[in-house]
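1. My questions are about this predicted structure, shown below with the sequence.
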Amino acid sequence: DVKVTQSSRYLVKRTGEKVFLECVQDMDHENMFWYRQDPGLGLRLIYFSYDVKMKEKGDIPEGYSVSREKKERFSLILESASTNQTSMYLCASSSPGGEGTEAFFGQGTRLTVV
Amino acid sequence: QQQVKQSPQSLIVQKGGISIINCAYENTAFDYFPWYQQFPGKGPALLIAIRPDVSEKKEGRFTISFNKSAKQFSLHIMDSQPGDSATYFCAASKGGGFKTIFGAGTRLFVKA
């Protein structure tokens, strides 16, 4: 059974803290993604990576960075957490191109910044 | 910004009825149109997908209708069941799916 695992289901952090969200996939997928999900806004892409050590900005990268040191792991970093980063964060992976463009999602991390 | 507009925002349907969710897109370069289903506390999961060379795709009770000239596509859920209650996202991507654009989502509630 394919799996994308996010390290935490729920997190509460203080304003100004550096926050790490971890994601691991076991499908040997090249592509990995970080989205945030907010009511009425759907899923918005923060960053994605198509190879180890490669990263590309998505639509809302401000205030975030990412790290991909190994193929199976993609980390999202909030450099200095702010209350407007309170959201549900979803990690996903996919294989590149062709017919296989289905994205597999983790269960999400609900982050609250206080 | 490339957008995918989804409606309605929420939908209540009687058990056994037909649920219809609509999406419209702008970029004619999109070549893959998936629908994702998300249950509370879970991540979205692929439900059904279509490519623009066909006008309809059916999988069980779920059908995508695709109108290339109007740049619109819709999800029809026949014989809707309470277990179908979830949030549904339409999406669009091109050339490898690096940047999938998602609609805002529709919360479907099927009354027993």
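-> Right, received. Where do you want to start? Numbering: from 1, shown residues only, chains lettered A, B, ... in the order given.
2. what's the pLDDT at A:E102?
-> For A:E102, the pLDDT comes out at 82.
3. can I assume it is in contact with A:S94?
-> Yes: counting by Cβ atoms under 8 Å, A:E102 does reach A:S94; the two are 6.3 Å apart. Just so you know, the C-beta spots here come from the backbone N, C-alpha and C atoms, and that holds for glycine as well.
4. Quick one: name the residues of chain B near chain A.
-> Residues of chain B lying near chain A by Cβ under 8 Å from any Cβ of the partner chain: B:1, B:6, B:9, B:32, B:34, B:36, B:41-46, B:49, B:89, B:93, B:95-100, B:102-105.
5. Quick one: mark the members of those that sit in strands.
-> Using DSSP state E, B:Q6, B:P34, B:Y36, B:A45, B:L46, B:A49, B:F89, B:F102 are the members of the residues of chain B next to chain A that sit in strands.
6. measure the fifth one to B:F62 for me?
-> In this structure, B:L46 lies at 11 Å from B:F62, with Cβ to Cβ, to the nearest Å as the measure.
7. What of the last one?
-> Noted for B:F102: a distance of 18 Å to B:F62, by Cβ to Cβ.
8. Hmm, A:R110 is touching A:Q6, no?
-> No: using Cβ under 8 Å, A:R110 is not in contact with A:Q6, being 10.3 Å away.
9. hey, what's in contact with both of the two?
-> Common contacts of A:R110 and A:Q6 (Cβ atoms under 8 Å, 6 or more residues apart in numbering or on different chains): A:Y89.
10. Give me the below-cutoff pLDDT ranges for chain A.
-> Confidence mapping of chain A against pLDDT under 70 gives the ranges A:1-2, A:97-100.
11. need the residues of it near chain B, please.
-> Selection of chain A residues close to chain B by Cβ under 8 Å from any Cβ yields A:4, A:31, A:35, A:40-45, A:48, A:50, A:56, A:58-59, A:90, A:92, A:94, A:96-98, A:101-108.
12. Give the ChimeraX command for selecting the buried subset of the residues you listed.
-> Per 16 or more other Cβ atoms under 10 Å in any protein chain shown, the buried members of the residues of chain A next to chain B correspond to this ChimeraX selection:
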select /A:4,31,35,42,43,44,45,48,50,58,90,92,94,101,102,103,104,105,106,108
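13. Looking at B:F102 and B:F62, which is more packed in?
-> Taking neighbours as other Cβ atoms under 10 Å in any protein chain shown, B:F102 and B:F62 compare with B:F102 leading, 25 against 18.
14. in stretch A:4-15, what counts as buried?
-> Neighbour-count burial for stretch A:4-15, counted by 16+ other Cβ under 10 Å, picks out A:V4, A:Q6, A:L11, A:K13.
15. OK, contacts around the most centrally placed residue in chain A?
-> Centroid check for chain A by Cα atoms, centre = their mean gives A:W34 as the closest residue, at 2.6 Å. Contacts were defined as Cβ under 8 Å, 6+ apart; by that measure A:W34 touches A:21, A:23, A:45-48, A:58, A:64, A:66, A:74, A:76, A:89-91.
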